[in-house]
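> make a model of this:
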Amino acid sequence: MPELPGAERRGPAAYDDAAAMRAAVDRASTLVLVSGHRTKRRLEEHANAVEAAKAACVNRVLYVSLVGASPTATYLNARDQWMTEQYLAAAGIRHTVLRAGFYASTPAALADENFLVSGPGGGTGRVALVTHADIANVVTAVALDDDPRSKHDAAILEWAFRGELCH
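Now for the predicted structure:
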């Protein structure tokens, strides 16, 4: 978690526990929403977090999604992320979507017996690996842009394959 002035770590609060989520975001100004492990109820769980943020008058949500998020993504997690992006866009809360590639620590765990990894490659088969520190740095930069009309509002920022962020 980035070190920011006034930042406070809250929780734990399970995404499927709406009351715990509301308590975790109480008096927060920004919610950084990072998806947990894939479940059959991921959209509902993410919706709990978004609705808790709205109820607590959180100013904005920074959502860490996946490169290639779409309703037809080959990588099923990217489909779930896309559904959350759509929910967030319709929720009427200030937000930014940060589409990251695979966490650099993840590919080995996803390989099959032939060492083949299937995942979010944006349709090209290429992959953008990011570290948790990469994500924390971008979250920090976006969180510190507290302009009421930030260029990051309602934006989808996606890691390019050169390690850059693109609008």
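> report the central residue of the chain.
Val64 (1.5 Å; Cα atoms, centre = their mean).
> beta partners for that residue?
Val34, Leu98 (DSSP bridges).
> residue contacts, it?
32-35, 98, 100, 135, 139 (Cβ atoms under 8 Å, 6 or more residues apart in numbering). C-beta here means a position set from N, CA and C on the backbone, and glycine is covered the same way.
> from these, keep the buried residues only.
32-33, 35, 98, 100, 135, 139 (16 or more other Cβ atoms under 10 Å).
> what mean pLDDT does the strand or helix carrying Arg79 get?
Arg79 is part of helix 76-90, with elements assigned from DSSP states H and E. The average of the pLDDT scores along helix 76-90 is 95.
> number the chain from 14, please
New numbering, starting at 14: the last item is helix 89-103.
> next, the buried residues of it.
Neighbour counts using 16+ other Cβ under 10 Å place 90-98, 100-101 of helix 89-103 among the buried residues.
> other SSEs contacting whatever helix or strand Thr153 lives in?
Here Thr153 sits within helix 145-157, counting by DSSP H and E. Applying 3 or more Cβ pairs under 8 Å, 6 or more residues apart in numbering; DSSP states H and E, we find helix 145-157 packed against strand 43-47, strand 73-79, strand 107-113, strand 169-172.
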